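Asks: sequence first, then the predicted structure, then my questions.
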Amino acid sequence: MKIDGSIFFLGCHSLEKINEFYRDFLGLELFKDQGSCRIYSVPSGGMIGFCEHLPVEAGMFSPIVTFLTEFVDDFYEKALRLEMSPNKPSVNERFGIYHFFLKDPDGHRVEIQKFLD
């Protein structure tokens with residue numbers, strides 16, 4: 001017996017705006033469009049899904065959806081060009097990462113990071 005995959009679901013107000021962020025900005029592939037939910041494949045495994053029938057529970061500090069990339073600065077520059085108001089990338093010595101945060105269309109915190117070790 002084993003787990004074959006995972007999907008992390010979040011509520012959203014507009015699947016179209018979510019699609020612009022997760023597919024067009026981040027480059028995730030749409031795995032399945034279920035009408036009121038869309039599921040995106042995350043490289044290296046797992047999926048993230050958004051549903052219009054779920055409540056949007058974006059708080060000031062959580063949840064955080066983190067995407068790993070070697071191209072933190074490139075994503076930061078792209079976010080600036082698209083006027084997404086990211087915070088400036090920085091090194092977090094405590095966790096050994098280089099990262100920045102921005103918000104998706106529904107206010108969920110998205111972290112773009114790479115491990116430094």
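Replies: That came through, no problem.
Asks: use CA for all of it now, contacts and neighbours both
Replies: Will do.
Asks: the chain: helices as residue ranges?
Replies: Taking DSSP state H as the criterion, the chain carries its helices at 15-19, 72-81.
Asks: restricting to C-alpha, output the longest one in PDB.
Replies: Listed in PDB are the C-alpha atoms of helix 72-81, where the atom choice follows Å, rounded to 0.1, in the frame of the first residue of the first chain:
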ATOM      1  CA  VAL A  72      14.500  33.400  -8.000                       C
ATOM      2  CA  ASP A  73      15.800  36.700  -9.400                       C
ATOM      3  CA  ASP A  74      14.200  36.000 -12.800                       C
ATOM      4  CA  PHE A  75      10.800  35.400 -11.200                       C
ATOM      5  CA  TYR A  76      11.200  38.500  -9.100                       C
ATOM      6  CA  GLU A  77      11.900  40.600 -12.200                       C
ATOM      7  CA  LYS A  78       8.900  39.100 -14.000                       C
ATOM      8  CA  ALA A  79       6.700  39.900 -11.000                       C
ATOM      9  CA  LEU A  80       8.000  43.500 -11.000                       C
ATOM     10  CA  ARG A  81       7.200  43.800 -14.700                       C
END
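Asks: now that helix: buried residues?
Replies: Val72, Asp73, Phe75, Tyr76, Ala79 (16 or more other CA atoms under 10 Å).
Asks: what helices and strands are in contact with it?
Replies: In terms of contacts (3 or more CA pairs under 8 Å, 6 or more residues apart in numbering; DSSP states H and E), helix 72-81 is packed against strand 97-103, strand 109-115.
Asks: now these as TSV including mean neighbour count?
Replies: Output for the helices and strands packed on helix 72-81, formatted as TSV (neighbours: other CA atoms under 10 Å):
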stretch	mean neighbour count
strand 97-103	19
strand 109-115	19
